[in-house]
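# Here is the input, now give the coordinates:
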Amino acid sequence: MVKLPEALLKKYDLLLIKNDIHSREYGNYKKWLQYYLDFCKKYQHPYADPESLPIFIDKLKAKKQISSQQSQARQAVALYYSGISSKLLLRAPVDQIKETGTSYDAAKTPNPWTKAMNCLGDEIKVRHYSPKTLKSYSLWAEKMRLFTKDKFPKDLTSNDVKDFLTFLAVEKKVSASSQNQAFNGLLFFFRHVLKKEFGKIDGVVRAKRKLYIPVVLSRAEINRIISHLKHPYDLVVKLLYGCGLRLAECMKLRINNFNFDYNILTIDDGKGKKDRTVPLPESIRSELNAQIERVIAQHQYDLDKEYDGAFMPGVFEKKYNLKVTRKNAGKELVWQWFFPSRELTYVPETNESRRYHLHETHVQKAIKKAVGKSKLLKRASAHTFRHSFASHLLQANYNIKTIQELLGHSDVRTTMIYTRTVKSRTIKESKSPLDF
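Down below sits the predicted model:
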């Protein structure tokens, strides 16, 4: 079995973290990479040749590996090629591919799909789309590649997309939202990466969209969950419910988002790149101040240890690095995370130690555990508190447009779903406007 070099393992660990692979899967991904490199050695494929991946997957099929394992193996090897520089790649034992008998130079002739996926990433970043959008669109492009059996990107047609979407609905039985997400991802891929018209997609079997009614917790149920949470997770939940935040919005809060003079919380760069403001709950003002004091103490400790600052938003990072006077903006107190991570993150590319915010998965696990201890008869997640925020405001006769603005929805029709979660208390007896 091929032994993975230490430098390769370190780089691969960073790729696993960057691509949000769950920590419990790290061992499986490294195992597949080791099997793949051992396969290349045994059958004399160049280690730096991505075109040997389909052959490796075919070998797994022959060994009766289930589809989920094949998919995980493909993703593990794809990560290897996506982010590891040629200097760290193991050297190929031969220059010929045994099955084809043709020479292949990965440096001179890059794999067409690798080039297309890199272009997809560039197009998404240029438009300042979120990392989650990049991850989602890349995943659907990769699934399309698998469905078409590595058909060259330039040869893809609208018929391939039609067959793929039908396959998702009929064979995979995916939800309507997943199918729509796949459609949007492939539409973007065709228009901005392949530079050709998507064409009209007719006759596609569409997954049926069912009416979704959000789960809403009562105030008593929310208090029960909070009682089973420790700091800082209890404060996270109070902000999710008290301000109607999305989990990602809450995690990305910085010190400069809080305005206690006007009792306002500013949400920067929310979903859809929209900013908004929401009122701060008066009942937790003391807890918010206590958390800020903790951040100040942590910040001073980091400064004493000469850390390199908090991670900055991408645009600010480039902007401030060009200005000598603001190059250390990440060290300023106002840019510190409101919920900082416990440990510093080492960035090998710049040889820096930086502070990141509390990871979303830690909050999700804590909430899941607290919900279990609360013995609730409802499914509840971090987003449930946002649903409860909107529903309780509606129940208190707040105007739907006001709730829309507080939630940051672009269309009031999105907010209207909450009219189905609670009974209206609005007085509807007939009156003349003169009598109002």
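
# Just the buried residues of stretch 411-428, please?
Neighbour counts using 16 or more other Cβ atoms under 10 Å place 415, 417-418, 421-422 of stretch 411-428 among the buried residues. Backbone N, C-alpha and C define where each C-beta goes, glycine included.

# now do stretch 165-178
165-166, 168-169, 174-175, 178.

# Next: stretch 381-399.
Residues 382-394 are the ones in stretch 381-399 that count as buried (16+ other Cβ under 10 Å).

# now do stretch 30-46
Judged by neighbour count using 16+ other Cβ under 10 Å, the buried positions of stretch 30-46 are 30, 32-33, 35-37, 39-40, 45-46.

# can you redo those as CSV with distance to Gly408 and pLDDT?
What follows is these, written out as CSV (distance: Cβ to Cβ, whole Å; pLDDT from 0 to 100):
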residue, distance to Gly408, pLDDT
Lys30, 40, 89
Trp32, 40, 90
Leu33, 41, 89
Tyr35, 46, 89
Tyr36, 44, 89
Leu37, 46, 87
Phe39, 49, 86
Cys40, 49, 84
His45, 50, 77
Pro46, 50, 74
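
# With secondary structure and distance to Leu377 added, can I get those in a markdown table?
Listed next are the buried residues of stretch 30-46 as a markdown table, based on DSSP: H, G, I helix; E, B strand; the rest coil; distance: Cβ to Cβ, whole Å:
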| residue | secondary structure | distance to Leu377 |
| --- | --- | --- |
| Lys30 | helix | 41 |
| Trp32 | helix | 41 |
| Leu33 | helix | 44 |
| Tyr35 | helix | 45 |
| Tyr36 | helix | 46 |
| Leu37 | helix | 50 |
| Phe39 | helix | 50 |
| Cys40 | helix | 53 |
| His45 | coil | 55 |
| Pro46 | coil | 58 |
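
# what would the residues you listed look like in JSON lines with distance to Lys63?
Shown next, in JSON lines, are those (distance: Cβ to Cβ, whole Å):
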{"residue": "Lys30", "distance to Lys63": "19"}
{"residue": "Trp32", "distance to Lys63": "13"}
{"residue": "Leu33", "distance to Lys63": "17"}
{"residue": "Tyr35", "distance to Lys63": "10"}
{"residue": "Tyr36", "distance to Lys63": "13"}
{"residue": "Leu37", "distance to Lys63": "17"}
{"residue": "Phe39", "distance to Lys63": "11"}
{"residue": "Cys40", "distance to Lys63": "16"}
{"residue": "His45", "distance to Lys63": "17"}
{"residue": "Pro46", "distance to Lys63": "22"}
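
# nearest to Asn223, of these?
Nearest to Asn223, judged by Cβ to Cβ, of those is Lys30 at 43.5 Å.

# Now do the contacts for that closest one.
Lys30 makes contact with 4, 9, 12, 76, according to Cβ atoms under 8 Å, 6 or more residues apart in numbering.

# hmm, which two among these are most spread apart?
Farthest pair in the contacts of Lys30 (Cβ to Cβ) is Leu9 and Ala76. Separation: 13.1 Å.

# Just want to know which of those two has more residues nearby.
A direct count of neighbours by other Cβ atoms under 10 Å for Leu9 and Ala76 places Ala76 higher, at 23 against 12.

# Can you name the residues in contact with the helix or strand encompassing Ser341?
Assigned by DSSP states H and E, Ser341 falls within strand 340-347. Strand 340-347 is touched from outside by 295, 298, 302, 307-308, 310-311, 352-359, with contacts defined as Cβ under 8 Å, 6+ apart.

# All the strands of the stretch 251-400 of the chain, residue numbers only.
With DSSP state E, counting those that start in this stretch as the criterion, the stretch 251-400 of the chain has strands at 258-259, 264-267, 276-279, 340-347, 352-357.

# For Lys132, which of the ones you listed is the nearest?
The closest of the strands of the stretch 251-400 of the chain to Lys132 is strand 352-357. By Cβ to Cβ, the value is 15.3 Å.

# Can you name the residues in contact with the longest helix along the chain?
The residue-count maximum for a helix in the chain (DSSP state H) belongs to helix 285-304. With Cβ under 8 Å, 6+ apart as the contact definition, helix 285-304 has outside contacts at 232, 235, 238, 255, 258, 260, 280, 331, 333, 336-340, 344, 355.

# Got the domain ranges for the chain?
Domain segmentation of the chain under automatic domain parsing yields 6-110, 113-193.

# Quick one: distance of the last one to the chain centre.
Between the mean C-alpha point of domain 113-193 and the mean C-alpha point of its chain there is a distance of 16 Å (Cα atoms, centre = their mean, to the nearest Å).

# ok, now the first one?
Centroid separation between domain 6-110 and its chain, computed with Cα atoms, centre = their mean, is 24 Å.

# 49 is where my numbering starts, stick with that
With 49 as the first residue, the last one maps to domain 54-158.

# low-confidence ranges in the stretch 249-398 of the chain?
Counting by pLDDT under 70, the stretch 249-398 of the chain has low-confidence residues at 249-258, 362-375.

# Let's see that with 80 instead.
The stretch 249-398 of the chain contains residues with pLDDT under 80 at 249-260, 318, 320-321, 362-376, 396-397.

# What segments of it are helices?
Using DSSP state H, counting those that start in this stretch, the helices found in the stretch 249-398 of the chain span residues 267-275, 281-291, 295-299, 333-352, 362-369.

# Figure out which of these is closest to Ile312.
Ile312 lies closest to helix 281-291 among the helices of the stretch 249-398 of the chain, at 10.3 Å (Cβ to Cβ).

# From Lys286, how far off is the closest residue to Leu424 other than its chain neighbours?
Spatial nearest neighbour of Leu424, excluding adjacent residues (Cβ to Cβ, 6 or more residues apart in numbering): Glu269 at 5.9 Å. Separation of Glu269 from Lys286 (Cβ to Cβ, to the nearest Å): 14 Å.

# Backbone dihedrals for the most centrally placed residue in the chain, please?
Note on the chain: the residue nearest the mean C-alpha position is Lys180, at 3.4 Å, using Cα atoms, centre = their mean. In terms of degrees, to the nearest 10, the main-chain angles of Lys180 are phi -70, psi -40.
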